[in-house]
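Student: one predicted model, sequence on top.
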Amino acid sequence: MEHPGAPVPTRRRLLRLGAALPLSAALPHPALAQTPGVPRMNTRPIPATREALPVVGCGTWIGFDVTPGSPEFQRLPGVLEALFAAGGSVLDSSPMYGRSEAVTGDLLAAAGARPRAFLATKVWTSGREAGIAQMEQSFQRLRTDRIDLLQVHNLVDWRTHLKTLRGWKDRGRVRYIGVTHYTASAHAEVEAVLRAEKLDFVQINYSIDQREAAQRLLPLAAERGVAVIVNMPFGGGGLLRRLRDQPLPGWAAEIGCTSWAQVLIRFVLSHPAVTCTIPGTSRPEHMADNAAAGAGAFPDAAFWQRHAGSLPI
């Protein structure tokens, strides 16, 4: 989701810093990919392995579903540059996102940057053979022989696909497996799957205006040792569009925020059960702004109890 809420000078400054590291200068580990002068993004451990994962990534829905060679496509290398320059690595896609998987794969291949990405995608179909075919297509589109995280999208035929994915994980084709959903109406079903299955990741919606996940799912994920990716940190119903014309509250500066997007991201990352969030964007300056929200100390629950109620949402 795009966001126009950040002050222009801040975004331009971050973009200049982000552009200082070309994608062609690929390094083997995302943790080494940070550009000097850019605030260091925090990482959190994936419970299953304790591998450090940067806390802000990039979702590819809509923003990466573009025609190669188009003006929209021409902006996307800068998005990856800004992500990697800040020490980020997570790129999340799906076969239901149109061209997004193929565009992501093309961009990473052109830049020689696959080693710097934590590449996540999904399976979104019914039936074992259809699932295998779709996942094989994802490998081809993403131009990779190993996917870091493969998730069952919106729990579609999750029993069938998790069985396949466990076999692929044992063979080293995928590193982690999980399930996803994007709406609070499905949280009860997500909870049932979390209780019944051994998963590495769960991807769910959570935001300052949609906090249902904090009631049961986030504590359960922590209890079960499951990493959490938050897929809608900017909320639903055009939350950022509603906020963009509102002045930032004075307390935003206390937590290092210079845009509404940063406020919303830092709210999500303040929950200790959240491992990473993946706001989508197709603009380098927005990616740099998002990534900056992953640096520094996060406010505690008491801070948000004092201030979140005053937001014009």
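Tutor: Nice, I can see it.

Student: thought Ala213 was touching His187?
Tutor: Yes. Here Ala213 lies in contact with His187, judged by C-beta atoms under 8 Å, at a distance of 6.6 Å. No exception for glycine: its C-beta is placed from N, CA and C like everyone else's.

Student: who's more crowded, those two?
Tutor: Ala213 (26 against 17; other C-beta atoms under 10 Å).

Student: measure that one to Val156 for me?
Tutor: 20 Å (C-beta to C-beta, to the nearest Å).

Student: circling back to that earlier point, joint contacts of Ala213 and His187?
Tutor: Ile204 (C-beta atoms under 8 Å, 6 or more residues apart in numbering).

Student: quick check on Gly256: phi, psi?
Tutor: phi 80, psi 20 (degrees, to the nearest 10).

Student: near the nearest residue to it once chain neighbours are set aside, how many other residues are there?
Tutor: Excluding its sequence neighbours, the residue lying closest to Gly256 (C-beta to C-beta, 6 or more residues apart in numbering) is Gly296, at 5.1 Å. Close neighbours of Gly296, defined as other C-beta under 10 Å, add up to 14.

Student: ditto for Glu51
Tutor: The burial count for Glu51: 15, using other C-beta under 10 Å.

Student: before we move on, what about Ala196?
Tutor: Neighbours of Ala196 (other C-beta under 10 Å): 10.

Student: so which residue is dead centre in the chain?
Tutor: Ile278 (2.0 Å; C-alpha atoms, centre = their mean).

Student: my guess is that residue contacts Cys58, does it?
Tutor: Yes. Counting by C-beta under 8 Å, Ile278 does reach Cys58; the two are 6.2 Å apart.

Student: what is in contact with those two at once?
Tutor: 90, 92.

Student: picking that back up, ok, the residue nearest to the centre of the chain - contacts?
Tutor: Counting by C-beta under 8 Å, 6+ apart, the residues that Ile278 touches are 56-59, 90, 92, 229-231, 233.

Student: want to throw those residues into JSON lines with pLDDT, secondary structure and neighbour count?
Tutor: Formatted as JSON lines, these follow (pLDDT from 0 to 100; DSSP: H, G, I helix; E, B strand; the rest coil; neighbours: other C-beta atoms under 10 Å):
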{"residue": "Val56", "pLDDT": "98", "secondary structure": "strand", "neighbour count": "27"}
{"residue": "Gly57", "pLDDT": "98", "secondary structure": "coil", "neighbour count": "27"}
{"residue": "Cys58", "pLDDT": "98", "secondary structure": "strand", "neighbour count": "28"}
{"residue": "Gly59", "pLDDT": "97", "secondary structure": "strand", "neighbour count": "26"}
{"residue": "Val90", "pLDDT": "98", "secondary structure": "strand", "neighbour count": "24"}
{"residue": "Asp92", "pLDDT": "98", "secondary structure": "strand", "neighbour count": "26"}
{"residue": "Ile229", "pLDDT": "98", "secondary structure": "strand", "neighbour count": "24"}
{"residue": "Val230", "pLDDT": "98", "secondary structure": "strand", "neighbour count": "24"}
{"residue": "Asn231", "pLDDT": "96", "secondary structure": "coil", "neighbour count": "20"}
{"residue": "Pro233", "pLDDT": "96", "secondary structure": "coil", "neighbour count": "29"}
